[in-house]
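> I'd like to go over a predicted model; first the sequence, then the structure.
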Amino acid sequence: MSPHVHPVASPLNTQDHTRTDDVRIRSVRPLITPALLQEWLPAPGAAVRLVEHSRAAISRVLHGADDRLVVVVGPCSIHDHDQALEYAQRLKAEADALAQELIIVMRVYFEKPRTTVGWKGYINDPHLDGSFAINEGLERARALLLDILALGLPVGTEFLDLLSPQFISDLVSWGAIGARTTESQSHRQLASGLSCPVGFKNGTDGGVKVAVDALVAAQASHAFMGMTKMGQAAIFETRGNPDCHVILRGGKTPNYDAASVAAACGVLQAAGLREQVMVDVSHANSSKQHARQIDVAADVAAQVAAGEARIMGVMIESHLEEGRQDIVPGQPLRRGVSVTDACISFEQTVPVLEGLAAAVELRRQRNPHTASA
């Protein structure tokens, strides 16, 4: 029989497959479609313009036409709408004050990769209680992004789930692929079709080659299976994303120092890519000690002030208040404190941002021909 001819139904091909199919699936629940969520929560014209303009600005930095630093700063993860919005309001004031030197993008992470198990983020479990109200989580996530954009502040997020970008990516100015997924073919393909600039983190072991390979892959065109805005399975063909870069986040040892930046740029040059990196001052670069982010950022600022033009951005984990806390059933959470990785407080963040801005100004004095228009 030709493989293109469907067989006529018979008892053999209508038999019960429950012995071999979905044997470990406990339940299947309906999922809202991206198109319906976007109809409920559309992006107003001002938000669309902000996303377009901020993406273009970051792209100019990546292509050497703007010498500002891209600073992605905010909570390790979002767990409360009002607290995130308060943070955004305070960050907006700093973004405006430092706009000549920094392109500040608020870190708005809804999905958390877990080494083993744990809370998976605001989209997956918005009530923080294992109820997995994912439809509500998607709605809450989009509503928060719209509220932050309404303040005039662009947002960045990590793309972890392969379907969730269809619900929110039109509102995102910058995206990240995390250390655990940089090597994933599916995430490289996803990045090749995303409309925003994307940063790939180095591997958890500190290896930069895996992130450089990801950049090569993301710049190429791909075809893969996915879900349309209408919720239908489809084959997507991408054009490739020229606005990708490496994020140094440390590994077995930190890699934010000048020698590590130079080494990473050497790997990029060998691959025929632009020599530029963003430095994540948290994670392994701070040895998972949140307060050390301040010292790491000062080191990065010193490199920039000395004229280092290959550092195009910085990532900072910052919340309203310092530290972290566990989610304990029946126990109220402390306001403004992270429920995932520990963060520096907003008060601690402001001088870090000011130091980075001052470093950009000093770099301009050393390299006046690189100053943005």
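On my side now, so go ahead. Numbering: from 1, shown residues only.
> And the longest helix belonging to the chain, what does it pack against?
The longest helix of the chain (DSSP state H) is helix 346-366. Counting by 3 or more CB pairs under 8 Å, 6 or more residues apart in numbering; DSSP states H and E, the packing neighbours recorded for helix 346-366 are strand 69-74, helix 81-97, strand 102-107, helix 292-305, strand 311-317. (Glycine included, C-beta is placed from N, CA and C.)
> what inclination does the first one have with respect to strand 102-107?
What it means is strand 69-74. 30 degrees (axes from the mean of the first three to the mean of the last three CA atoms, to 10 degrees).
> Count the residues that sit near residue 245.
23 (other CB atoms under 10 Å).
> where does it land in three-state SS?
Assigned with DSSP: H, G, I helix; E, B strand; the rest coil, residue 245 falls in the strand class.
> Can you list the buried residues in the longest helix of the chain?
Buried residues in helix 346-366, defined by neighbour count with 16 or more other CB atoms under 10 Å: 346, 348-350, 352-357, 359-360, 363-364.
> May I have that helix as PDB, with CA atoms only?
What follows is helix 346-366, C-alpha atoms only, in PDB (Å, rounded to 0.1, in the frame of the first residue of the first chain):
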ATOM      1  CA  PHE A 346      16.400  48.300  44.900                       C
ATOM      2  CA  GLU A 347      18.300  50.700  47.200                       C
ATOM      3  CA  GLN A 348      21.500  48.700  46.500                       C
ATOM      4  CA  THR A 349      20.700  48.600  42.800                       C
ATOM      5  CA  VAL A 350      20.600  52.400  42.200                       C
ATOM      6  CA  PRO A 351      24.300  53.000  42.800                       C
ATOM      7  CA  VAL A 352      25.200  50.000  40.700                       C
ATOM      8  CA  LEU A 353      23.200  51.500  37.800                       C
ATOM      9  CA  GLU A 354      24.800  54.900  38.400                       C
ATOM     10  CA  GLY A 355      28.200  53.300  38.400                       C
ATOM     11  CA  LEU A 356      27.600  51.600  35.100                       C
ATOM     12  CA  ALA A 357      26.300  54.800  33.500                       C
ATOM     13  CA  ALA A 358      29.400  56.700  34.700                       C
ATOM     14  CA  ALA A 359      31.600  54.000  33.200                       C
ATOM     15  CA  VAL A 360      29.900  54.400  29.800                       C
ATOM     16  CA  GLU A 361      30.600  58.200  29.900                       C
ATOM     17  CA  LEU A 362      34.200  57.500  30.700                       C
ATOM     18  CA  ARG A 363      34.400  55.000  27.800                       C
ATOM     19  CA  ARG A 364      33.000  57.600  25.500                       C
ATOM     20  CA  GLN A 365      35.800  60.000  26.500                       C
ATOM     21  CA  ARG A 366      38.300  57.300  25.600                       C
END
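> Thought residue 39 was touching residue 229, still the case?
No: Residue 229 is not in contact with residue 39 according to CB atoms under 8 Å; the separation is 10.0 Å.
> more neighbours, the two?
More crowded of residue 229 and residue 39, by other CB under 10 Å: residue 229, with 15 against 9.
> Quick one, grab the pLDDT at the more buried one.
With respect to pLDDT, residue 229 has a value of 98.
> Equivalent analysis for the one 10 residues further on, please.
On pLDDT, residue 239 comes in at 98.
> can you check residue 18 too?
Per-residue confidence (pLDDT) for residue 18: 73.
> would you turn the helices and strands packed on helix 346-366 into CSV with mean neighbour count?
Output for the helices and strands packed on helix 346-366, formatted as CSV (neighbours: other CB atoms under 10 Å):
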stretch, mean neighbour count
strand 69-74, 27
helix 81-97, 17
strand 102-107, 26
helix 292-305, 20
strand 311-317, 26
